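S.K.: what shape does this take:
(one chain, ligands or ions: 1)
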Amino acid sequence: MAMSKLRPLPTTGAFTGILEALAFFRDPSFAKRRFDRLGNVFETSMLGQPMVFIQGDKAIADLLSQPEAIEGWWPDSVQQLLGSHSLANRNGTAHKARRRVVAQLFSSSALHRYIPGIINLIDALSEELKTAKTPLPLAKKMRRFAFSVIATTVLGLEGNDRDKLFFDFEIWTKALFSIPIALPGSPFAKAIKARKRLLEQLQEILNQPINSKGGLDLLAGGLDEEGIPFSDEDLGEQLLLLLFAGYETTASALSCLMRELLLNPQMETWLREEIDTLDWPPSPEQATTIYEPINAPKLDALVKEVMRFTPPVGGFFRRTKQSVILDDIVVPSNRVVQVALIASNRNGIGDLDIFRPQRHLKNECSLNLMPFGGGERVCLGKSLAELEIRLMVVGLFRKIQLEVIPDQDFTLGQIPSPSPRDGLLVKVHI
Ligand code: HEM
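M.R.: Here you go, the predicted structure:
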């Protein structure tokens, strides 16, 4: 590349970053406004932490194609709540080895094992909705479902253990993207206490003989084979990460998807034409393939559009270990780079500010969508999440028709992941 093409890093000029941090949490268009003004790569400060925001295929591809020059990074609150052993907070060989071990829980044979459990949870939910005497908050049900999939189906936890964990998880999750100062009574202080209880509970579960219901037996011996001792503390923190990563994001995708369908009856009719041709329940052998794009293109387009329009993870991070060139802009070493998915997914020509799944059927969407991140840290649970979402949409819509209760706030809260503010109250359409 000709050196003369290179440009210096544009900056907002923010120094303390207090106002920037407040604006970031309050304004969903925070990054977009600044991209419009400063271009696809710019620097600002977030509470004293210099942070480079990037959008667009070129800048993102440039970043991820230089793995030797970057490493993983999460905000302080996430780092502290996940813990230093968590693979999300590890780099280099320590990260790779843990990834290899944990990935065993998401292999295709492992997914097959989970399918009957997932189908049971979906059937139980449609029964609950059918027999409910009062409207139910669908978003809450989606959280519970996604948590149960990972807790019961993947990790093999039973009802009581699972319920105790869920309670503490809801406290812990609320502070994940908060100011990490444990003032007495603050969400962060409560989350630190919840984390302690969660790890104790996970440890108790790990001390019991591993049952054959979940996938934990798949992990046995894993890290030792890599020559890294897998202490109980280490394993506990990996499970904590999985429980979190496995439900908040998937529940958000499901809630946003249901919201779009229920608020747009024409879209629901369009989807039902396809869903009515699909079998439910699928046989366990077929379940991973039967609802794939080739058989269910509308469902695929709908899921892609939800991930584009309301990405469950609005941005992911890397830290530069040396200077890198992103979209012809020089980003110095030791900078935190945030890949701004929300802004990136609406940046381009056409009606990208409108929710329109059909764009994916006609190949009208030229964006390179990355809801699951990319490169060496790409999401480990992608196949499980996609499977859960497809099964839930087919299973629920094959069995019941829902209608939303009017007079509720349908706008989306954004932190930690998009979710309807009033919980998306629904009843079964008779
Ligand atoms: C719709 C659902 C989901 C979305 C949108 C999502 C998205 C993401 C994103 C954006 C990242 C960061 C990737 C990067 O830094 O490049 C990530 C990491 C991760 N996800 Fe997911 N995820 C979802 C579901 C799941 C599920 C179900 C699990 C497992 C139970 C899971 C486990 C993980 C793990 C372990 C990581 C850390 C990977 C690493 O640092 O090497 N995710 N996910």
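
S.K.: and stretch 318-332, how far apart are its ends?
M.R.: 13 Å (CA to CA, to the nearest Å).

S.K.: what are the buried residues along it?
M.R.: 318-320, 324-329, 331 (16 or more other CB atoms under 10 Å). For glycine as for every other residue, the C-beta is placed from the backbone atoms N, C-alpha and C.

S.K.: what's near enough to touch residue 162?
M.R.: Counting by CB atoms under 8 Å, 6 or more residues apart in numbering, residue 162 makes contact with 147-148, 151-152.

S.K.: shaky segments in the stretch 101-250 of the chain?
M.R.: For the stretch 101-250 of the chain, the stretches with pLDDT under 70 are 209-214, 220-229.

S.K.: around the ligand, pick out the residues from it.
M.R.: 150, 241-242, 245-246, 249-250 (CB under 6 Å from any ligand atom).

S.K.: if we go by neighbour counts, what in the helix or strand residue 171 falls within is buried?
M.R.: Element membership for residue 171, per DSSP states H and E: helix 159-174. For helix 159-174, burial by neighbour count (16+ other CB under 10 Å) applies to 161-162, 165-166, 168-169, 171-174.

S.K.: so after that helix, what's the next helix or strand?
M.R.: Past helix 159-174, the next helix or strand by DSSP H and E is helix 187-207.

S.K.: which ones are touching the closest residue to residue 258 other than its chain neighbours?
M.R.: Using CB to CB, 6 or more residues apart in numbering and skipping residues adjacent in sequence, the residue nearest residue 258 is residue 138, 5.6 Å away. Contacts here follow CB under 8 Å, 6+ apart; on that basis residue 138 touches 255, 258, 402, 423-426.

S.K.: do you know how far residue 138 is from the ligand?
M.R.: Separation of residue 138 from the ligand (CB to the nearest ligand atom, to the nearest Å): 17 Å.

S.K.: distance of that residue from residue 8?
M.R.: Using CB to CB, to the nearest Å, residue 138 is found at 49 Å from residue 8.

S.K.: name all residues that make contact with residue 178.
M.R.: If you count contacts by CB under 8 Å, 6+ apart, then residue 178 has 77, 186-188, 191 around it.

S.K.: tell me the secondary structure of residue 52, please.
M.R.: Here residue 52 is strand, with the state taken from DSSP: H, G, I helix; E, B strand; the rest coil.

S.K.: and the residue nearest to the spatial centre of the chain, backbone torsions?
M.R.: Note on the chain: the residue nearest the mean C-alpha position is residue 249, at 3.1 Å, using CA atoms, centre = their mean. Here is the backbone geometry of residue 249 (degrees, to the nearest 10): phi -70, psi -50.

S.K.: quick one: contacts for the spatially closest residue to it that is not a sequence neighbour?
M.R.: If you skip the residues right next to it in sequence, residue 249 has residue 312 as its closest partner in space, 4.0 Å away by CB to CB, 6+ apart. Residues counted as contacts of residue 312 (CB under 8 Å, 6+ apart) are 248-250, 252-253, 256, 371, 417-418.

S.K.: between the helix holding residue 171 and helix 187-207, how many degrees?
M.R.: Here helix 159-174 runs at an angle of 150 degrees relative to helix 187-207 (axes from the mean of the first three to the mean of the last three CA atoms, to 10 degrees).

S.K.: quick one: the strands in the stretch 251-400 of the chain, in order.
M.R.: Remark: strands assigned in the stretch 251-400 of the chain by DSSP state E, counting those that start in this stretch are 315-320, 324-326, 329-331, 336-340.

S.K.: could you dump the ones you listed to CSV with mean pLDDT and distance to residue 16?
M.R.: Listed next are the strands of the stretch 251-400 of the chain as CSV, based on pLDDT from 0 to 100; distance: least, CB to CB, whole Å:
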stretch, mean pLDDT, distance to residue 16
strand 315-320, 95, 20
strand 324-326, 97, 25
strand 329-331, 97, 21
strand 336-340, 97, 16
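
S.K.: can you list the low-confidence ranges for the stretch 301-430 of the chain?
M.R.: For the stretch 301-430 of the chain (pLDDT under 70), the answer is 430.

S.K.: who in it is up against the ligand?
M.R.: 312-313, 316, 371-375, 377-381, 384-385.

S.K.: quick check: closest non-adjacent residue to residue 75.
M.R.: In space, residue 75 is closest to residue 177, 6.6 Å off (CB to CB, 6+ apart).

S.K.: how much space separates the one you found from residue 76?
M.R.: To residue 76, residue 177 is 10 Å away according to CB to CB.

S.K.: looking at the two, which is more packed in?
M.R.: When residue 177 and residue 76 are compared for neighbours, residue 177 comes out ahead with 19 against 14, by other CB atoms under 10 Å.

S.K.: contact partners for the more buried one?
M.R.: 75, 77-78, 415-416.
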